[in-house]
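Undergrad: Sequence first, predicted coordinates after that:
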Amino acid sequence: MANDRLRALEEVENQIATILQCAGNVVLELSKDKHNASFLDRQLSQFTGSVNRVETELSSQIRYLTQVATGQPHEGSTYSARKDCQMALNRAEYTRVKLGELGRTCEVMLDPQS
């Protein structure tokens, strides 16, 4: 599963290289006095196809990461457990601070010398 995701990201990287190559080819062709329209059309078609493939795969990767990051069951992921633990520690610290404030308030109210 993880290897498949890495291979998919490598393919995205290759598609991005293709996108940059197509863009460079188009700029180079447009810099010429006479443009080859069929070459520009092929480059545009390849550019558009690669952009669509990159967008589709990155959306898929983002959906996967969103699932993993939102606590849904996932094999091998400890993110949800770590997130829950950190949130519990934050709540415990907040409770400690509030109890300290409450204790000081009670002391002030019960201290007859003030």
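TA: It's in. Residues are numbered from 1 along each chain as shown.

Undergrad: need the helices for this structure, in chain order.
TA: Counting by DSSP state H, the chain has helices at residues 2-30, 37-69, 79-110.

Undergrad: got the angle for the shortest one vs helix 37-69?
TA: This points to helix 2-30. 150 degrees (axes from the mean of the first three to the mean of the last three Cα atoms, to 10 degrees).

Undergrad: other SSEs contacting helix 2-30?
TA: Contact partners of helix 2-30 among helices and strands, from 3 or more Cβ pairs under 8 Å, 6 or more residues apart in numbering; DSSP states H and E: helix 37-69. All C-beta spots, glycine's among them, are computed from the backbone N, C-alpha and C.

Undergrad: how distant is the helix it packs on from the center of its chain?
TA: Offset of helix 37-69 from its chain centre (Cα atoms, centre = their mean, to the nearest Å): 16 Å.

Undergrad: what does stretch 28-39 give?
TA: 38 Å.

Undergrad: Make CSV from the helices of the chain and add mean neighbour count to it.
TA: Shown next, in CSV, are the helices of the chain (neighbours: other Cβ atoms under 10 Å):
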stretch, mean neighbour count
helix 2-30, 13
helix 37-69, 13
helix 79-110, 10
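
Undergrad: Generate TSV for those, with mean pLDDT as supplementary columns.
TA: Output for the helices of the chain, formatted as TSV (pLDDT from 0 to 100):
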stretch	mean pLDDT
helix 2-30	91
helix 37-69	90
helix 79-110	88
